[in-house]
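Engineer: Task: produce atomic coordinates for the following.
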Amino acid sequence: REVFSSGIAKYEYLGLLKDGEHENIMADVFKKFLKDKQGCTDNEVERVYTELHKSSVCYQAASLYKQNKEVYNALRYGIKVIDENDPLHKKKTIYPIDWENPERNVFAIAEEVTVKKSTETEEHRRPDIVIFVNGIAMVVIELKSEVVSVKEAMRQHWRNQQDGEIPGFFSTVQLCTAGNAKEGLYSGTILTRGNYYVTWREEAGQPC
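Structural biologist: Purely as a prediction, here's the structure:
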């Protein structure tokens, strides 16, 4: 698999994920990060994964904000588990993302990620680009050709987060980006209406 760099991050290119049905947490990648980079025991790995997965489950668009907030708290402030090495069984905090040493995290990018709709049908949605951090879907990017308004990409984000679509996938997503070659890139968070998307800018203050 191809690996490319952007700043301090090295991204693994996962290619097209059209086949199968994909969730917003890649269990094998996430568990490997916890064990290899965070030094978790097998029991701690399973406990942290279970807690994060439970927080990320969302089937109703009305509760997406709440679910996303719970996931954010777990990502930012960690998940408490019993310290197996402590004789008093005190709890310790394990972080799904290494905020102190960002280069230790595992970054990956995939295209055409197939996600099953939260209905009884066999229909699917397929976000254009998804960025994963330690196996967790953090950024969803919808891109259009220059002859299609960037607002259509924003509407696509909004549609996919509604009941009956794929709201559960967005419970871990922290950034939604929409763009085309003519109008540039715009970003928002979950449940952001098109009018409230903002122009994506680099740190220097110039449009991306």
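
Engineer: For the protein, just list every one of the helices.
Structural biologist: 27-36, 42-56, 64-77, 150-160 (DSSP state H).

Engineer: so which of the ones you listed gets nearest residue 123?
Structural biologist: In terms of C-beta to C-beta, the element of the helices of the chain nearest to residue 123 is helix 150-160, at 12.0 Å. All C-beta spots, glycine's among them, are computed from the backbone N, C-alpha and C.

Engineer: Adding mean neighbour count, write the helices of the chain out as CSV.
Structural biologist: Formatted as CSV, these follow (neighbours: other C-beta atoms under 10 Å):
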stretch, mean neighbour count
helix 27-36, 17
helix 42-56, 17
helix 64-77, 17
helix 150-160, 19
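
Engineer: any chance of these in CSV, with distance to residue 17 and mean pLDDT too?
Structural biologist: Shown next, in CSV, are those (distance: least, C-beta to C-beta, whole Å; pLDDT from 0 to 100):
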stretch, distance to residue 17, mean pLDDT
helix 27-36, 13, 97
helix 42-56, 18, 92
helix 64-77, 21, 94
helix 150-160, 16, 95
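
Engineer: Adding distance to residue 173, write these out as TSV.
Structural biologist: Formatted as TSV, the helices of the chain follow (distance: least, C-beta to C-beta, whole Å):
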stretch	distance to residue 173
helix 27-36	15
helix 42-56	10
helix 64-77	7
helix 150-160	9
